[in-house]
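Asks: Here is my input; please provide its structure:
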Amino acid sequence: MLRLPAFAYLQPKTLAEAIAMKADAGPSGMYVAVGTDLYPYMKRRHEDPTLVISLMGIPDLRRADDRVVGAGLTLTELAVGPSARPAVVADAARLVSTPLLRNMGTLGGNLCLDTRCNYYNQSYEWRKSIDFCMKKEGHICWVAPSSPRCWAVSSSDIAPVMVAIGAEYRLVGPQGERIVPAARFYHNDGINYLTKQPDEILVDVRLPAPNGWDAAYHKLRRRGSFDFPVLGVAAWIRWDGTEVSDAKIVLGGVASYPQEVPEAGAVLRGVTLGTASIAAAAEAAYRPSKPMDNTDFDLSWRKQMTRVYVARALEELRQRRV
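Replies: Purely as a prediction, here's the structure:
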């Protein structure tokens, strides 16, 4: 049986209290919402804080309306949010894990989800048997042993959607408050995958008004529930009558960050969304998609599925417009 190591637990009531507690604790302290990821990581010794600071008693993280969504909202609450909120956000939330986990897991937790890898997400003893890996206690990325960087993949379902629709994140830390576009919140690095500092708190997400645009999210996984995505596709289109005035395709599960494919968006601009343009965009997204052999399924098949899932997401948007 895997057991949690000993740690102290604090429950601040305000953002200021939480930030002060983290400053006192230094590197040995970590923030936690409900811990659906942190506590299993602690059991497997991926993380070893001696002080855990709960954020769930802070009212600022629970506030929400049509355009501002607190990071402390559960995924279930996000999935049944008001109809005036972009529907794609609720759709992505409904695809995360199982109902039990969605009842506990938070928006902020999913947006800050640690990158995953078959060589990393194992027990301490398993990782020790291979001399660990670059992401924790080792020196080699077993996915690409000659690489100077870690190739663990981003497995968030909601992050690609936020990047695609152009959401903004509000962070609060010892240096004050800052607003970060979702696309600039993530790094393509399996270890340093966030631009958020460890002492900063993701407070809420600012959603754009749904005027003239639509978006869809499609997810590939082995089972219809529970599993992390091995491919996620967020497609965003701004309409000008029957033509596409702007478009974005963002892929999840194929890189260490939500990967926008500018070439795919470019082929859609100024054209009518039809069979030929959808196929062209799917092909453009396929070429730079380079899944690594560190998650489920054969990597070459996953790459082929990029075409299929981009086409499905765009076809859904076309059908809605019709």
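Asks: For the stretch 51-200 of the chain, just list every one of the strands.
Replies: Here the stretch 51-200 of the chain has its strands, by DSSP state E, counting those that start in this stretch, at 51-54, 68-70, 168-173, 176-181.
Asks: What are the contacting residues of stretch 280-287?
Replies: The set of residues external to stretch 280-287 that reach it, using C-beta atoms under 8 Å, 6 or more residues apart in numbering, is 233, 247, 249, 251, 261, 263-268, 303-304, 306-308, 310-311, 314. Heads up, the C-betas are built off the backbone N, CA and C, glycines and all.
Asks: how about that stretch as CSV, C-alpha atoms only?
Replies: The C-alpha trace of stretch 280-287 is given here as CSV (Å, rounded to 0.1, in the frame of the first residue of the first chain):
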residue,chain,number,x,y,z
ALA,A,280,-6.6,20.8,-45.7
ALA,A,281,-6.6,22.0,-42.1
ALA,A,282,-6.5,18.4,-40.8
GLU,A,283,-3.4,17.7,-43.0
ALA,A,284,-1.7,20.9,-41.9
ALA,A,285,-2.3,19.9,-38.2
TYR,A,286,-1.0,16.4,-38.9
ARG,A,287,2.4,17.4,-40.2
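Asks: what is the rounded mean pLDDT of it?
Replies: On average, the pLDDT along stretch 280-287 is 97.
Asks: Over to stretch 45-65?
Replies: Stretch 45-65 shows a mean pLDDT of 97 in the predicted model.
Asks: and it, how far apart are its ends?
Replies: Separation of the first and last residues of stretch 45-65 by C-alpha to C-alpha, to the nearest Å is 38 Å.
Asks: which ones are touching the spatially most central residue of the chain?
Replies: In the chain, the C-alpha nearest the mean C-alpha coordinate belongs to residue 156, at 2.8 Å (C-alpha atoms, centre = their mean). Residues near residue 156 by C-beta under 8 Å, 6+ apart: 110-111, 113, 252, 258.
Asks: Return the closest of those with respect to residue 291.
Replies: When the contacts of residue 156 are compared for distance to residue 291 (C-beta to C-beta), residue 252 wins out at 10.8 Å.
Asks: Neighbours of the closest one, how many?
Replies: When neighbours are defined as other C-beta atoms under 10 Å, residue 252 has 30 of them.
Asks: Could you shift the numbering so residue one becomes 13, and keep it that way?
Replies: All right, first residue 13 from here; so that's residue 264.
Asks: My read is that it contacts residue 176, right?
Replies: No. In this structure, residue 264 is not within contact of residue 176 by C-beta atoms under 8 Å, at 10.0 Å.
Asks: Please enumerate the shared neighbours of these two.
Replies: residue 246.
Asks: rewinding a little: in JSON lines: the strands of the stretch 63-212 of the chain, plus distance to residue 94.
Replies: Formatted as JSON lines, the entries for the strands of the stretch 63-212 of the chain read as follows, by distance: least, C-beta to C-beta, whole Å:
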{"stretch": "strand 63-66", "distance to residue 94": "27"}
{"stretch": "strand 80-82", "distance to residue 94": "10"}
{"stretch": "strand 180-185", "distance to residue 94": "19"}
{"stretch": "strand 188-193", "distance to residue 94": "23"}
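Asks: Nearest to residue 16 among the ones you listed would be which one?
Replies: Closest to residue 16 of these is strand 63-66 (C-beta to C-beta; 9.8 Å).
Asks: who touches that closest one?
Replies: Looking at what lies outside strand 63-66 - C-beta under 8 Å, 6+ apart - the contacts are 19-24, 30, 33-34, 37, 40-45, 47, 50.
Asks: related to what we said a few turns ago, and which of the contacts of residue 168 is nearest residue 331?
Replies: Within the set of the contacts of residue 168, residue 264 lies nearest residue 331; the separation is 22.5 Å, counting by C-beta to C-beta.
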